[in-house]
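Q: Got a sequence here, can you build the structure:
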Amino acid sequence: MIRTRGKKLGLRKQRATATVELAVVSPILFGILFGIIEFGWLFTVQHTMVNAAREGARMGIIQGVTTEEVDTVTREFLEPMSIDQQVTINIDNVETATSSDPFVTVTITVPREDVSLVGNFFGFVGGSLEGRAAMRKEGL
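A: Below is the predicted model of the structure:
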């Protein structure tokens, strides 16, 4: 009987130790997991913004295209990510390109906190994500 009682007491101590270890390690592991997810999401948003800027610049180099048309194409590319209303799009030189300055530039900027999944949980204060593309205007 005494032996059985000793084994039960030892098992209780092991369970308590495992519970304390879990309580200590879990927040660290969840923080790392959410950090990886957050970084992946921000990387995806940045990549999508660069592709949208490229699509806008590709549209902007065609003769006779207006700045509004380039803006529309760029926003349509961002629409599946649901960030098309949060971004600032700067389109340069679509209608005013000359042979001395033939490049059409599309720059997309969004504040990091507007697209972050966890807000400022990891201490990111301020900052923004940017996608930029420049292409040479046709026929100049």
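Q: what residue ranges in this protein are flagged as low confidence?
A: Scanning the chain with the threshold set as pLDDT under 70 gives 1-11, 121-125, 140.
Q: Following the chain past the top helix by length along it, name the next helix or strand.
A: Across the chain, the longest stretch assigned as helix under DSSP state H is helix 2-60. For helix 2-60, the succeeding helix or strand toward the C-terminus, using DSSP states H and E, is helix 67-78.
Q: From the contact counts, what lies against that next one?
A: Helix 67-78 sits against helix 2-60, strand 88-92, strand 103-111, with contacts defined as 3 or more CB pairs under 8 Å, 6 or more residues apart in numbering; DSSP states H and E. Glycine gets a C-beta too; all of them are placed from N, C-alpha and C.
Q: Got the phi and psi for residue 86?
A: In terms of degrees, to the nearest 10, the main-chain angles of residue 86 are phi -90, psi -10.
Q: Quick check, residue 120 in contact with residue 113.
A: Yes: counting by CB atoms under 8 Å, residue 113 is a contact partner of residue 120 at 6.4 Å.
Q: if we can go back for a sec, so which of the helices and strands packed on helix 67-78 comes closest to residue 78?
A: helix 2-60 (4.9 Å; CB to CB).
Q: so who does the most centrally placed residue in the chain touch?
A: For the chain, residue 42 is the residue whose C-alpha lies nearest the centre (CA atoms, centre = their mean; 2.2 Å). Neighbour list for residue 42: 112, 115-116, 129 [criterion: CB atoms under 8 Å, 6 or more residues apart in numbering].
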